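In: Turn this into a structure:
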Amino acid sequence: MTGNTIEELPGVGPATAEKLRDAGYSDLMAIAVESPKVLAELVEIGESTATKIIASAKQMADVGGFETGDIILERRKGINRLSSGSKAFDELMGGGLESQSIIEFFGEFGSGKTQICFQLAVNATRPVEEGGLNGDVFIIDTENTFRPERIVQMAVALDLDPEEVLKKIHVARAFNSHHQMLLVEKANELAHEMNVKLLIVDSLTAHFRAEYVGRGSLAERQQNLNKHMHDLLRFADLHNAVIAVTNQVSSKPDAFFGDPTRPIGGHIVGHAATYRLYLRKSKGGKRIARLIDSPNLPEAEAVITVSEEGVRD
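Out: Numbering: from 1, shown residues only. Below is the predicted model:
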């Protein structure tokens, strides 16, 4: 079978195809790697029908086949890099923040996590040759920290038209963890009509931490957090986008993680994030960014400044 469109799947008529696309399944691979239960719920079909559709998608998309390293290398050439505004930070990240990956910034209150995200949002709207991604930005704001005034300051500092920049940044306020997860699905739908190249979640864990309290709810919390992280990673892959998430550290040794500088979310967040960066305050408005975890880069540090103009060396 050599079909490449959803309509060519056995048992998928125009109505089901439309439902699949609305739910964010724009290609065969997305369907092939989904679980029947999730697909059945999202597309409102029976689980046995979903199982058949997934089985056909697997055949047509050739899932489970191994690829040689050179083919993967070729595909990785399509990865884009987003500049942070600081040369030292970009070098730490191997030339900027990589698309098709999740970059997690964690640190104490006031360590500059949100400010860095504002700067990334501004930079992502810039042309590729200026270190941008020439695209739109989605921000899922969980703690009501988005300030358009800061975007204006940073845009003006780069000689950009602040109004044009603000028009490319789309913000949704998440009121609880369930809403936060739904917004990723919504973002997926909207991204088919827009050139979304950066998705920010600030903060990733605040709602989860507030809603699931105590050891009894830990398993459920981690399960939902795991799904959320995988939805974000899928968004990154489907749209060749950068995902930037902020995370808090436990301010006191707590029952879950012990260490006061440990990010919230434990191994679930740790394994799903492609790059993990620990931010801490230094003298005179400086911040130290330490790359803690990466698939291909050494553990190292960069010093950046966060001023009214934004992120700089």
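In: Every contact and neighbour count from this point should use C-alpha atoms.
Out: Will do.
In: pLDDT weak spots in the stretch 151-300 of the chain?
Out: 251-261 (pLDDT under 70).
In: Please report how far the residue nearest the centre of the chain lies from residue 231.
Out: Per CA atoms, centre = their mean, the C-alpha nearest to the average position across the chain is that of residue 243, at 2.6 Å. Plainly put, residue 243 is 11 Å away from residue 231 if you go by CA to CA, to the nearest Å.
In: now swap in residue 277 and tell me
Out: Going from residue 277 to residue 231 by CA to CA gives 21 Å.
In: Between the two, which is the more surrounded one?
Out: residue 277 (24 against 17; other CA atoms under 10 Å).
In: Quick check, that one in contact with residue 102.
Out: No. Applying CA atoms under 8 Å as the test, residue 277 and residue 102 come out as separate, 11.0 Å apart.
In: Go ahead and report the secondary structure state at residue 269.
Out: Following DSSP: H, G, I helix; E, B strand; the rest coil, we place residue 269 in the helix state.
In: Residue 277 now?
Out: When classified by three-state DSSP, residue 277 comes out as strand.
In: Overlap of the contact sets of residue 243 and residue 231?
Out: Shared contacts of residue 243 and residue 231 (CA atoms under 8 Å, 6 or more residues apart in numbering): none.
In: for the residue nearest to the centre of the chain, what are its contacts?
Out: With CA under 8 Å, 6+ apart, residue 243 has these contacts: 99-103, 198-201, 232-233, 236.
In: The same query, at a cut-off of 10 Å, please.
Out: By CA atoms under 10 Å, 6 or more residues apart in numbering, residue 243 lies in contact with 97-104, 138-139, 197-201, 232-233, 235-237, 273-274.
In: ok, now which ones touch residue 30?
Out: By CA under 10 Å, 6+ apart, the neighbours of residue 30 are 20, 24, 54, 57-58, 61, 234, 237-238.
In: Just say helix, strand or coil for it.
Out: helix.
In: Please apply the same query to residue 200.
Out: Under three-state DSSP, residue 200 falls in the strand class.
In: Could you tell me which residues make contact with it?
Out: 102-104, 114, 117-118, 120-121, 137-141, 171, 232, 242-246 are the contacts of residue 200 under CA under 10 Å, 6+ apart.
In: What about those residues, which are in strands?
Out: Judged by DSSP state E, the subset of these located in strands is 102-104, 137-141, 171, 242-246.
In: Now stretch 79-98: buried residues?
Out: Using 16 or more other CA atoms under 10 Å as the test for burial, stretch 79-98 gives 79-90, 92-93, 95-98.
In: Near the closest residue to residue 274 other than its chain neighbours, how many other residues are there?
Out: Closest residue to residue 274 apart from its sequence neighbours, by CA to CA, 6 or more residues apart in numbering: residue 102 at 5.1 Å. Using other CA under 10 Å, residue 102 has 25 neighbouring residues.
In: again with residue 127
Out: 12.
In: circling back to that earlier point, would you mind checking the contacts of residue 243 for buried ones?
Out: Buried among the contacts of residue 243 by 16+ other CA under 10 Å: 97-104, 138-139, 197-201, 232-233, 235-237, 273-274.
In: In this structure, what residue spans correspond to strands?
Out: Counting by DSSP E, the strands of the chain are 81-82, 97-98, 101-107, 136-141, 169-173, 196-202, 242-247, 275-281, 286-293, 300-307, 310-312.
In: Direction included, what does the fourth one pair against?
Out: Applying DSSP bridges, strand 136-141 is found paired with strand 169-173 (parallel), strand 196-202 (parallel).
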